[in-house]
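Enquirer: Predicted model follows, preceded by the sequence.
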Amino acid sequence: MIREINEKRKKSIETWPKVAIIILNWNGWRDTIECLESVFRNIYPNYQVIVVDNGSTNGSIEKMKDWSDEKQEILTPESTHPLYYLSHPPVKKPIPYIYYTREEAEKGGNFKLEEKLTEEWQEQRKPNYKELNPTSSYPLIFIQTGENLGFAVGNNVGIKYVITKDNFDYIWLLNNDTVMNKDALTQLINNIKSCSGVGVVGSKLLKYHKYNFIQTTGGGKIFPWIGIEKGIAVNQEDKGQWDKEIILDYITGASFLIKTDVVHHVGLIDEKFFLYWEDADWCERIKIKGYQLNYTHKSKIWHKETATIGIRSPIQDYYGTKNALIFMERYYKKYWVSGALISFIGKVLNRIMRNNYTGLRYIIKAYIDFFYKKEK
């Protein structure tokens, strides 16, 4: 009887487009585990999770494996947090997983092992079981890059693994410091299927620590004459005022659903962008190829914001500044010189007013490295 139910479920799953959810981790296993708990209870019926560890130095991969084996508890958030329900109670363990090195993953992994574990896992998952079963019928994939490669390269490792498979219709890049509504992925899929010209869809991003306030509506606008990108509706209380269609210049990489066919057509994330502006660059290339960027307010994600590197860190000052210059020179040649100058003056004055002289040094270094074409 259970076998018959599983067969019916398998056929039903296969009628839905298959989605690869790529989550990049760097020393953030607590956040990633909370994110995974949230992801594995989502209602979309056909997805597989790929966690790429970017050479963590704090034992992240071991902690996440232990979580899969039910040897590591979820440490965030506090039970009093308003978003506690998105990751609790914990889904049933163990969750089968496969571990790959970067080299193994980029070659497509072990097909026979994946097929064997998938069949076994689909047999084990019991219908109508009292405990909360993970909603994915595929094993969890862990990929170890071996070093901190940055956002662009780290995600590309996961994307390369996915596109060797030829059985994924969509790729969803999701930040590890997020939690999701149960229907967030379903709403993204519904939106991207609504128009043949849509290549990417973003979610409504809300603040994790101020959960009814907006971080950004999917992405934002580019202002080339002053050399900045800016999210829409930032820090506004969510009263439904942005529950509408919005024209965006870019979709933020915190929640970025893209068609696999678009990746084949446009190419991977540009690895010249170690951190910051890589999503804007990818979106620009996607638009040039004729695809539309969409935002759907029906897909809700709560984001902790810069949990990995910290707010206003020297890393943010350096890469945010340097990569903005690369982007503006590449796509807005008419404005980039004036934009670079205005942006420089604004950032220098801002750091001086805040007595942030470390940040000021990194901004100056970013300009010097850009003009001398230093890679890092």
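Expert: Happy to help now that I have it. Keep in mind the model is a prediction, meaning the values are calculated, not measured.
Enquirer: Kindly state the pLDDT recorded for Asp69?
Expert: On pLDDT, Asp69 comes in at 97.
Enquirer: could you list every residue that touches the closest residue to it other than its chain neighbours?
Expert: Using CB to CB, 6 or more residues apart in numbering and skipping the chain neighbours, the partner closest in space to Asp69 is Pro94 (5.0 Å). For every residue, glycine as well, the C-beta is placed using N, CA and C. For Pro94, the contacting residues are Ser68, Asp69, Glu70, by CB atoms under 8 Å, 6 or more residues apart in numbering.
Enquirer: which one of those residues has the most neighbours?
Expert: Across the contacts of Pro94, neighbour numbers were computed from other CB atoms under 10 Å; Ser68 holds the maximum, 20 neighbours.
Enquirer: where's that one relative to Tyr84, distance?
Expert: As judged by CB to CB, to the nearest Å, Ser68 and Tyr84 stand 21 Å apart.
Enquirer: still on that earlier bit, of the contacts of Pro94, closest to Tyr362?
Expert: For the contacts of Pro94, the residue nearest Tyr362 by CB to CB is Ser68; the value is 37.9 Å.
Enquirer: burial of His81, as a residue count?
Expert: Neighbours of His81 under the rule other CB under 10 Å: 16.
Enquirer: And it, how far from Leu36?
Expert: Taken as CB to CB, the span from His81 to Leu36 is 17 Å.
Enquirer: Let me know the average pLDDT across the helix or strand Ile23 falls within.
Expert: Using DSSP states H and E, the secondary-structure element containing Ile23 is strand 19-25. Strand 19-25 comes out with an average pLDDT of 98.
Enquirer: In CSV, could you pull the C-alpha coordinates for it?
Expert: Extracted C-alpha coordinates of strand 19-25, given in CSV (Å, rounded to 0.1, in the frame of the first residue of the first chain):
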residue,chain,number,x,y,z
VAL,A,19,14.2,23.3,-8.8
ALA,A,20,17.8,23.3,-7.5
ILE,A,21,18.0,25.4,-4.3
ILE,A,22,21.6,26.6,-3.9
ILE,A,23,22.6,27.9,-0.5
LEU,A,24,26.1,29.2,0.0
ASN,A,25,27.7,28.9,3.5
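Enquirer: For the remainder of this discussion, apply numbering that starts at 661.
Expert: Yes, from this point I'll number from 661; that puts the last item at strand 679-685.
Enquirer: Run me through the strand neighbours of that strand, direction for each.
Expert: According to DSSP bridges, strand 679-685 forms sheet pairs with strand 707-713 (parallel), strand 830-835 (parallel).
Enquirer: I'd like those strands laid out as CSV, including distance to Ala844.
Expert: Below are these laid out as CSV (distance: least, CB to CB, whole Å):
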stretch, distance to Ala844
strand 707-713, 11
strand 830-835, 9
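Enquirer: could I get the ones you listed as a markdown table with distance to Gly980, mean pLDDT and mean neighbour count?
Expert: Formatted as a markdown table, the strands paired with strand 679-685 follow (distance: least, CB to CB, whole Å; pLDDT from 0 to 100; neighbours: other CB atoms under 10 Å):
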| stretch | distance to Gly980 | mean pLDDT | mean neighbour count |
| --- | --- | --- | --- |
| strand 707-713 | 22 | 98 | 26 |
| strand 830-835 | 16 | 98 | 24 |
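Enquirer: can you tell which of those strands is closest to Arg1011?
Expert: For the strands paired with strand 679-685, proximity to Arg1011 was assessed by CB to CB; strand 830-835 is nearest, at 26.3 Å.
Enquirer: With just CA atoms, put stretch 982-998 into CSV.
Expert: Taking Å, rounded to 0.1, in the frame of the first residue of the first chain, the C-alpha atoms of stretch 982-998 are listed here in CSV:
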residue,chain,number,x,y,z
LYS,A,982,35.5,48.6,-6.4
ASN,A,983,32.8,46.5,-8.0
ALA,A,984,30.5,49.5,-8.5
LEU,A,985,33.2,51.1,-10.5
ILE,A,986,33.7,47.9,-12.6
PHE,A,987,29.9,47.7,-13.2
MET,A,988,29.5,51.4,-14.2
GLU,A,989,32.5,51.4,-16.5
ARG,A,990,31.1,48.2,-18.2
TYR,A,991,27.5,49.3,-18.7
TYR,A,992,27.2,53.0,-18.2
LYS,A,993,30.2,54.5,-20.0
LYS,A,994,28.4,57.8,-20.4
TYR,A,995,28.1,58.3,-16.7
TRP,A,996,30.7,56.3,-15.0
VAL,A,997,33.4,59.1,-14.6
SER,A,998,31.0,61.5,-13.0
